[in-house]
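the amino acid sequence is not available; the structure is as follows:
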């Protein structure tokens, strides 16, 4: 039996925050108010605010779950074929689960301090971490954890942090044992024993097939927790997927691998913070007795303090970061026989003369920028063709395609940049988006000043890659013109070079394909605009092949030029789409 759970609608924290913006539009409104009308579906009462919220949200969604009808028709309920308001209720429960927004005892919509700050700040990850640390069961916000006795309490993050401290990493499978736990302190040793037995048994397998791992999970669960309901087992793994995505969103945790055998670790850039949480953070249960009191506490970011929010701990954190930075500079200098013009002494002097938290934060940000610059330079110059890095890049494309990673759009942009850097041959790849210290994604490309996601210069050619997870009409409306504008800008500014665009998406919409086909062939804007559309799967297959054969980056441009040239001989864009696959296959055969 699942003794405490996790919200799985939506599994994505990014979606939750996107949807919170629409919930906020109705702050102060009466969520429970009806208008006396009933729905065509089972004569259920109509709640106007719930419908308004959900209608506005759906206008921004790619795949809509409401009929294509007008705002007023939807509000009337006359065209309902299903219980449509349940979606709004589910979203409201998710906001309450994370302490971002709620409906008070008077039925009024409220956005919490945490919700407002996560919506408006760049420090979303750290704020969200605070929410996860406060989360405890039984929960007054959602009613989750009803099976937990009165003298017991479960802090999910206390369990997670202790498991990572004891085991260094945990499989997503192993996280699922946690939901059988009735107290994060009193039952921790039993939980750890169960997980260790599970790990020992799956490590003994020649091949870790998920079906076999599930069988072992059930056997170990029955032994330690008397859990024998085979029909519920998949619910455990669904919850673990959602929990894992929440952890990734904080930026403090990283994952590797796929599916339920995905490994969860503390991010290398946050080891010091992790140690502070293990040694100095106290998990405190709210003393609230009503939902309103609980949400006031849970939704207030100042109701808990992270260890590094204290000045002396922040100084200690920065000093450790500087020491590691200095060691890293020496290692790189010695290994690659290069002189790195970065001196940590400047930062150390500033640290000794800085005392306010705001100044310390700025100093830390500047140090992180220097570390990021160094890490990027090492990747570009020395690690670009590392086999493990290349394998990770291909795996990440698989996760993006399968939808098993959160922040998919950010990762597609970041991973495409990494994939180009990792090609052999002389080239210069420039990114136009921010990255973290470990080169993972941070923010999107600016989208202003006609700036593309990235650009790659190879000899006399410039490749302008653009990526998108949009599909259907939305892809054509939002991406079609911006991609063309970026490529035209490069053509106009680089008359002496061969400029070609590359558009990568999960699926290419027919109108997007048609537009690129026409621009490849004709000079509507004074010149032909060569843009080659590729699916993520096609691009991944090209890059993977180039890695395996150690093919230089220039050959990618040659391949794209072949696709462009084929459009000049074809009159039907559908034929061109099929021809792209054939050209890729024939191109590969040249290197067999």
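Alright, I've got the coordinates. Computed from a prediction, not measured in an experiment: that's the story for all the values here. Residues are numbered from 1 along each chain as shown.

how near is residue 312 to residue 276?
Spatial separation of residue 312 from residue 276 under the definition C-beta to C-beta, to the nearest Å is 11 Å. (C-beta placed from N, C-alpha, C; glycine too.)

so which of those two has more stuff around it?
residue 276 (18 against 9; other C-beta atoms under 10 Å).

pretty sure the more buried one contacts residue 307?
Yes: using C-beta atoms under 8 Å, residue 276 makes contact with residue 307 at a distance of 3.9 Å.

now for those two: what residues contact both?
Common contact partners of residue 276 and residue 307 (C-beta atoms under 8 Å, 6 or more residues apart in numbering): residue 313.

what are the buried residues along stretch 386-404?
Within stretch 386-404, the residues that count as buried by 16 or more other C-beta atoms under 10 Å are 389-390, 393-394, 396-397, 399-401, 404.

please read the previous query as pertaining to stretch 267-281.
By neighbour count with 16+ other C-beta under 10 Å, stretch 267-281 contains the buried residues 267, 269-270, 272-274, 276-277, 281.

now, the residues you listed that are in helices?
272-274, 276-277 (DSSP state H).

closest one to residue 487 out of those residues, please.
Checking these against residue 487 with C-beta to C-beta, the nearest one is residue 273 at 42.5 Å.

who are the packing partners of the top helix by length along the chain?
Selection of the longest helix in the chain by residue count, based on DSSP H, yields helix 311-336. The elements that helix 311-336 packs onto, with contact taken as 3 or more C-beta pairs under 8 Å, 6 or more residues apart in numbering; DSSP states H and E, are helix 271-280, helix 345-352, helix 357-378.

what about the helices in the stretch 151-300 of the chain?
Shown for the stretch 151-300 of the chain, the helices assigned by DSSP state H, counting those that start in this stretch span residues 156-167, 172-175, 188-203, 210-225, 233-250, 271-280, 291-298.

tell me where the model's unsure across the stretch 451-592 of the chain.
451, 525 (pLDDT under 70).

show me where it has its strands.
Secondary structure of the stretch 451-592 of the chain by DSSP state E, counting those that start in this stretch: the strands cover 454-458, 461-468, 498-505, 531-535.

can you list those strands in a markdown table and add mean neighbour count and distance to residue 132?
Written out in a markdown table, the entries for the strands of the stretch 451-592 of the chain read as follows (neighbours: other C-beta atoms under 10 Å; distance: least, C-beta to C-beta, whole Å):
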| stretch | mean neighbour count | distance to residue 132 |
| --- | --- | --- |
| strand 454-458 | 20 | 33 |
| strand 461-468 | 23 | 30 |
| strand 498-505 | 23 | 33 |
| strand 531-535 | 23 | 36 |
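
need those in JSON lines (columns: distance to residue 379).
Putting the strands of the stretch 451-592 of the chain into JSON lines (distance: least, C-beta to C-beta, whole Å) gives the following:
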{"stretch": "strand 454-458", "distance to residue 379": "14"}
{"stretch": "strand 461-468", "distance to residue 379": "18"}
{"stretch": "strand 498-505", "distance to residue 379": "21"}
{"stretch": "strand 531-535", "distance to residue 379": "24"}
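
what's the closest of those to residue 37?
Put simply, out of the strands of the stretch 451-592 of the chain the one that sits nearest residue 37 is strand 461-468, at 40.5 Å, with distance taken as C-beta to C-beta.

what angle do the closest one and strand 498-505 make?
In terms of direction (axes from the mean of the first three to the mean of the last three C-alpha atoms, to 10 degrees), strand 461-468 departs from strand 498-505 by 20 degrees.

any idea how far strand 461-468 is from the chain center?
22 Å (C-alpha atoms, centre = their mean, to the nearest Å).

what helices and strands are in contact with it?
Contacting strand 461-468 under the criterion 3+ C-beta pairs under 8 Å, 6+ apart are the following elements: helix 408-421, strand 454-458, helix 472-493, strand 498-505, helix 554-567.

switch to 10 Å and redo it
Strand 461-468 makes packing contacts with helix 408-421, strand 428-431, strand 454-458, helix 472-493, strand 498-505, strand 531-535, helix 536-549, helix 554-567 when contacts are defined by 3 or more C-beta pairs under 10 Å, 6 or more residues apart in numbering; DSSP states H and E.

quick one: strands adjacent to it?
Partner strands and pairing direction for strand 461-468 (DSSP bridges) are strand 454-458 (antiparallel), strand 498-505 (parallel).

which residues does the first one contact?
Think strand 454-458. 413-414, 416-417, 420-421, 423, 425-433, 445, 462-467, 486, 490, 494, 497-499, 502, 552-558 (C-beta atoms under 10 Å, 6 or more residues apart in numbering).

narrow those to those that are buried.
Applying 16+ other C-beta under 10 Å to the contacts of strand 454-458, the neighbour count classes 413-414, 416-417, 420-421, 423, 427, 429, 431-433, 445, 462-467, 486, 490, 498-499, 502, 552-557 as buried.

skipping adjacent residues, who's closest to residue 554 in space?
Leaving aside its chain neighbours, residue 554 sits nearest to residue 458 (5.1 Å; criterion: C-beta to C-beta, 6 or more residues apart in numbering).

across the sheet, point out what pairs with the one you found.
When bridges are called by DSSP bridges, residue 458 pairs up with residue 461.

could you do the one 10 residues further on as well?
For residue 468, the residues forming beta bridges with it (DSSP bridges) are residue 505.

wait, isn't it in contact with residue 512?
Yes: contact status for residue 468 versus residue 512: in contact at 9.1 Å, counting by C-beta atoms under 10 Å.

joint contacts of those two?
Residues touching both residue 468 and residue 512 comprise 475, 479-480, 483, 503, 505, with contact defined as C-beta under 10 Å, 6+ apart.

so which of these is the closest to residue 408?
Minimum distance to residue 408 across the shared contacts of residue 468 and residue 512 is 11.7 Å, recorded for residue 505 (C-beta to C-beta).

contact partners for that closest one?
Here residue 505 is in contact with 412, 466-471, 475, 479, 512, 533-536, 539 (C-beta under 10 Å, 6+ apart).

do you know how far the nearest residue in space to residue 199 that is not next to it in sequence is from residue 166?
The shortest distance from residue 199 to any residue that is not its chain neighbour, by C-beta to C-beta, 6+ apart, is 6.8 Å, and that residue is residue 174. With distances defined as C-beta to C-beta, the gap from residue 174 to residue 166 amounts to 11 Å.

what do these two both touch?
195-196.

so residue 402 touches residue 540, yeah?
No: distance between residue 402 and residue 540: 11.7 Å, which falls outside the contact criterion (C-beta under 10 Å).

in a markdown table, list the helices and strands packed on strand 461-468 along with distance to residue 41.
Shown next, in a markdown table, are the helices and strands packed on strand 461-468 (distance: least, C-beta to C-beta, whole Å):
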| stretch | distance to residue 41 |
| --- | --- |
| helix 408-421 | 33 |
| strand 428-431 | 49 |
| strand 454-458 | 48 |
| helix 472-493 | 27 |
| strand 498-505 | 36 |
| strand 531-535 | 38 |
| helix 536-549 | 38 |
| helix 554-567 | 49 |
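
which among the ones you listed is found nearest to residue 39?
For the helices and strands packed on strand 461-468, the distance to residue 39 is smallest for helix 472-493, at 28.5 Å, taking C-beta to C-beta.
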